[in-house]
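1. what follows is a predicted structure for the sequence shown.
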Amino acid sequence: MCGIAGYLGPDLAPSQAEQVLRAMTDAVAHRGPDEMGIHVDGELGLSHRRLAIVGLADGQQPMLSEDGRFIVSFNGEIFNYVELRDDLIARGERFRTGSDTEVLLRLFARDGEAALDRLNGDFAFALYDTARRRLTLARDRMGVRPLFYAWHRGTLVFASEVKALLRFPGLTAAMDLEALDQIFTLWAPIAPRTAFKGIFELPPGHVLTLDNGTAATHAWWQLDFPDRGDTDARSEDAVADELLALLDDATRLRLRADVPVGAYLSGGLDSSLVSALAVRHVGSRLRTFSVTFDSAEHDESAYQAEMVRALGTEHTSVATSGSDIGRLFPVVIRATERPILRTAPAPLHRLSAHVRNAGYKVVLTGEGSDEIFAGYDIFREASVRRFVARDPGSRLRPHLFRRLYPYLPNVQAQSADYLAAFFGVGADATGDPLFSHRPRMRATAQAKLFYSEELRRTLAGYDAAAELVSRLPERFGRWHPLHQAQYLEASLLLPGYILASQGDRMSMANAVEGRFPFLDHRLVEFAARIPTGMKLRGLDEKHILKRAARGLVPDTIAGRPKQPYRAPDSTSFRDAPYVEEALHERTGLFNPRAVDKLLAKARTGAMTGFRDNTAFVGILSTQLWHRQFTAATASLNENAA
Amino acid sequence: MTTPEAISDAIRAFIVENFLFGDTSQDLGDDVSLIEADLVDSTGILELVAFVEERWGIAVKDADIVPANFDSIGRIAAFVGKRAGLSQAA
C-alpha cells in the first residue's frame, strides 16, 4: 500500500525529472512513509512511496523485470499473490523477491492485460513496457485504490492523489463547476470527473493505455446483475453456506501480511462478522479498534463492547466529540480533495491515527456489505415507496416509513399524510432509472439554493442526474429495481464517497491500509446473483447475511435495528474558529447573504434537519477546498513566476 | 386585527427567511405545494408548526399536522385564521 506518481511524455526536461518526481511523491509521502523510489528513462518518470506490508526487505519500487523490459509502480495489494506465485513457479518462473509486486510484474509480462482477471486485490498501478513503448494504468474492480491523471502539453501525468499532480509544473487547481453540481446532487462526482477541472480519475475496473502517444481507456471489469425474472432455485441454506465460505476465504486472504493485521469494529453486523471470521484464523490475538461518540444518537460503544466480549479481542477506541470533528475538518478536506456533504469521514481520520499510534498499519473493515447485500435504508425506502404508490389513498401504508427511520425523530413525529407526501414525491415515476435515489437527490439539491447568481448562470441547463442516467449501462433497464438501486450505490457512491472520502483517503492520511473482505470480487459477483428477496426480505435488510452470520455474531448485534454510520454535522462547528472566515472567503460560488443566514441558523442550534446540515457541510467543505487547493496553487504559481 | 393577507405575508416571510435564506426568486403563491416545490421536508414542517404556534399563540395538535392544513401558504393562513378566530371567540 503506497503512493505512486509519474508521467509519460515530452513535457519535462530530463534535468527537471528527478526534482519534479521527488516533489510529487513528497505530496503523497503520508501514503508511504517507509521508502521512496524514483525511475527516469527518457520520457518516462515513475516514482513510489512505500508502506511496507508484504516482502518487507525486497519489495522496493519502482520494480524492474529481470530482463529490464517492464517496470511497475504499484499501490495496493494482490491478496492471492501466494497462489499466483505458485502457479507461475510451476510454469517456470523464478522469483527474486517475496513481494506481490514481482508477481504482478511477471504475470503481466506473460499475459498482458489478461493478467488483471486473475488478480484478487485492491490496486492501482502504472506499468511500462519499454519494448512496445506502452504505458498501462489500471485500477481495481471496485475502486478501493485511487488513481488520478491529467494531460499537460502532450504528457500524461498520474498519481495516487491529486495533490501530487499539482506539483507537476503547469498543472493547477480550479473547481470543475459541473463536478461541484454533481456532488451537490449525487454526493460524488461522476468518474472520470473530479472536483478539479481537467484532472480525472481512472474509473474503477478500468485500464488506460498510452501506446506510442495514443491514449485509450476501457473497462476491464463491470458489475453486472441477472435479468429481472431470471430464476434461481438455490435454497436459502445453500446460498448462506456459500456466502459464508466466500467471505471466510476473502477474510483469510486479507489477513496476509508481513506485519500484524487489526480490524475496525463499529458495533454493526458487517465489521462484527469480519472480525469473528478473522478470529477463527488468527485467534483472539486479533487487535480491534473503534470510534465512540459523546452524543448518544451516534454512539455504538455498547454494541462494540458486546462484540469485544464475544470475541475476546484486545480492543481500544478513540472518543470523538463534535469539537474534535470541527477542529479536524480542514485536514479532512485536504485529504478528501473534494467537497463533501457529511462530517462522517472526520472520525475515521482520528481512528486511523489511533490505529497507527497503536503500531498497526493494516486493518480489516466491513465496508461494501451494505452495497452488495442491500443494507442501506435507501433500498428499503424505495421498496416502501413502490408499495405505497400501488395504493396511493392508503392510510396505513405510509406508516411503514416510520419503521425505516427509528433514529430520526423528525420522521417519527409525522402524520401518515405527511409521510406519504414527503416520500411520495416522484412515486408516480416508478420506471425512472433513479427512482430509488430521487428523494435523497432532491433533498441534497436544496443546497443549490445557496449558489451565487454567477454559478447559477454557469450551470444553467446542466442536469447532473440526467448525466448520470446517460452513463448507465444499456443492461441497467433489464435489472430488478433493487439491483438498479444497488448498482447506483456500488458504482457511484461506493467509489466516489465511501471508499474515497471515508475509506482510502482517511486511512492513508495516517499510513493505514484498509482491507475490505466484502469487496472481494468473488463475493461481489456472487452477491449480485443472489435473489433479491434473500437480500431484502420485506423490510429485513441483509437478510441472507444475517442468516450466514448465525453462530458467529450474537443475535443482539445481528438482529439490532440498522443504524447507519453518522457523525454530528453542523453542531461540530460551533467553536471552530476558522468557520466564519472560511465561509466569507470570496470564491464567487455562493451567495454571501444566504450563507450568513445559514451560519446564523447553525449558531442558534436550530439546525436539525438533513437539508440545512447538508448545505452547511457542503458549503463549508467547498470553501475549505478552495482555500487549500485553488488558492494554494495560485500562490505556488506566483512564486514560480 | 390580523387579516388573512397579513397572515399569508408573515408565513411567506418566515419561509423566505428560514427555508430559502433570503432567496425571493421562487414562486411562493398561496397555492404552491410546499412539498412538491421542495420548500419543506420533515424537519421544515415542524419548524413551520412551531412558528405558527409562537406567532399566533395557537396550539397545533398532532392530528392537525397534515398537508390539508400546512402544504401551502393559503392552507396555513386558512388554518391559522380559523384557529385564531376560535381562540378569540373562546
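-> Noted; the coordinates are in hand.

2. in which helix or strand does the residue in chain B that chain A sits nearest to reside?
-> Nearest residue of chain B to chain A (C-beta to the nearest C-beta) works out as B:T43 at 2.7 Å. C-betas here are computed from N, CA, C, even on glycine. Assigned by DSSP states H and E, B:T43 falls within helix B:42-56.

3. can you count the residues close to A:G283?
-> By other C-beta atoms under 10 Å in any protein chain shown, 11 other residues sit near A:G283.

4. just A:P392 next, same as before
-> 12.

5. try A:T313
-> A count of nearby residues for A:T313, using other C-beta under 10 Å, gives 23.

6. go on, A:E83?
-> 14.

7. next one, pLDDT for it please.
-> Listed pLDDT for A:E83 reads 97.

8. what helix or strand does the residue of the stretch 101-250 of chain A found nearest chain B sit in?
-> When scored by C-beta to the nearest C-beta, the stretch 101-250 of chain A has A:T185 as its residue closest to chain B, at 12.6 Å. Element membership for A:T185 (DSSP H and E) is helix A:177-186.

9. the next helix or strand after that helix packs against which elements?
-> Next along the chain after helix A:177-186, taking DSSP H and E as the criterion, comes strand A:199-201. If you count contacts as 3 or more C-beta pairs under 8 Å, 6 or more residues apart in numbering or on different chains; DSSP states H and E, strand A:199-201 packs onto strand A:148-152.

10. contact partners of the strand it packs on?
-> With contact meaning C-beta atoms under 8 Å, 6 or more residues apart in numbering or on different chains, strand A:148-152 is reached by A:9, A:11, A:137, A:156-162, A:165, A:168, A:170-171, A:194, A:198-202, A:208.

11. how about 7 Å then?
-> A:11, A:137, A:156-159, A:161-162, A:165, A:168, A:170-171, A:194, A:198-202, A:208 (C-beta atoms under 7 Å, 6 or more residues apart in numbering or on different chains).

12. likewise for stretch A:410-422?
-> Contacts for stretch A:410-422 (C-beta under 7 Å, 6+ apart): A:388, A:395, A:398-399, A:401-402, A:405, A:608-609, B:35, B:41-43, B:45-46, B:62, B:65-67, B:71.

13. hmm, which of those are the buried ones?
-> A:388, A:398-399, A:401, A:405, A:608-609, B:35, B:41-43, B:45-46, B:65-67, B:71 (16 or more other C-beta atoms under 10 Å in any protein chain shown).

14. which stretches of the stretch 351-500 of chain A have low pLDDT?
-> A:425 (pLDDT under 70).

15. grab the nearest non-local neighbour of A:G368.
-> Nearest non-adjacent residue to A:G368, counting by C-beta to C-beta, 6 or more residues apart in numbering or on different chains: A:F518, 3.5 Å away.

16. which helix or which strand is home to the spatially most central residue of chain B?
-> Nearest residue to the geometric centre of chain B (C-alpha atoms, centre = their mean): B:I76, 4.1 Å. Assigning secondary structure by DSSP H and E places B:I76 in helix B:73-89.

17. what residues of that helix count as buried?
-> B:I73, B:G74, B:R75, B:I76, B:A77, B:A78, B:F79, B:V80, B:G81, B:R83, B:A84.

18. wait, what's in contact with the residue of chain A found nearest chain B?
-> Using C-beta to the nearest C-beta, the closest approach of chain A to chain B is made by A:G609 at 2.7 Å. For A:G609, the contacting residues are A:N410, B:D41, B:T43, B:G44, by C-beta under 7 Å, 6+ apart.

19. need the max-distance pair from those residues.
-> A:N410 and B:G44 (9.1 Å; C-beta to C-beta).

20. need the residues of chain A near chain B, please.
-> Proximity of chain A to chain B, by C-beta under 7 Å from any C-beta of the partner chain, involves residues A:410-411, A:413-415, A:417-418, A:421-422, A:425, A:442-443, A:446, A:449-450, A:593-594, A:597-598, A:608-611.

21. what does chain B have sitting close to chain A?
-> So far as C-beta under 7 Å from any C-beta goes, chain B lies against chain A at B:20-23, B:35-36, B:38, B:41-46, B:62, B:65-67, B:71.

22. thinking again about what came up before, the residue of chain A closest to chain B and A:A90, how far apart?
-> Distance, A:G609 to A:A90, by C-beta to C-beta, to the nearest Å: 61 Å.

23. what angle do the helix holding B:T43 and helix B:73-89 make?
-> 40 degrees (axes from the mean of the first three to the mean of the last three C-alpha atoms, to 10 degrees).

24. average pLDDT across helix B:42-56?
-> On average, helix B:42-56 scores 89.

25. before we move on, what about stretch A:257-264?
-> Rounded mean pLDDT across stretch A:257-264 is 94.

26. next one: that stretch to chain centre, how far?
-> Once both centres are worked out by C-alpha atoms, centre = their mean, to the nearest Å, stretch A:257-264 turns out to sit 20 Å from its chain's centre.

27. span of that stretch from start to end?
-> Its first and final residues considered, stretch A:257-264 spans 17 Å by C-alpha to C-alpha, to the nearest Å.

28. list the buried residues of that stretch.
-> Applying 16+ other C-beta under 10 Å to stretch A:257-264 flags A:A257, A:V261, A:G262, A:A263, A:Y264 as buried.

29. unless I'm mixing things up, A:L171 is touching A:V157, no?
-> Yes - here A:L171 reaches A:V157: they are 6.4 Å apart, a contact under C-beta atoms under 7 Å.

30. any shared contact partners between those two?
-> A:A150, A:L165.

31. just want to know which of the two has more residues nearby.
-> Counted by other C-beta under 10 Å, A:L171 and A:V157 do not tie: A:V157 has more neighbours, with 28 against 19.
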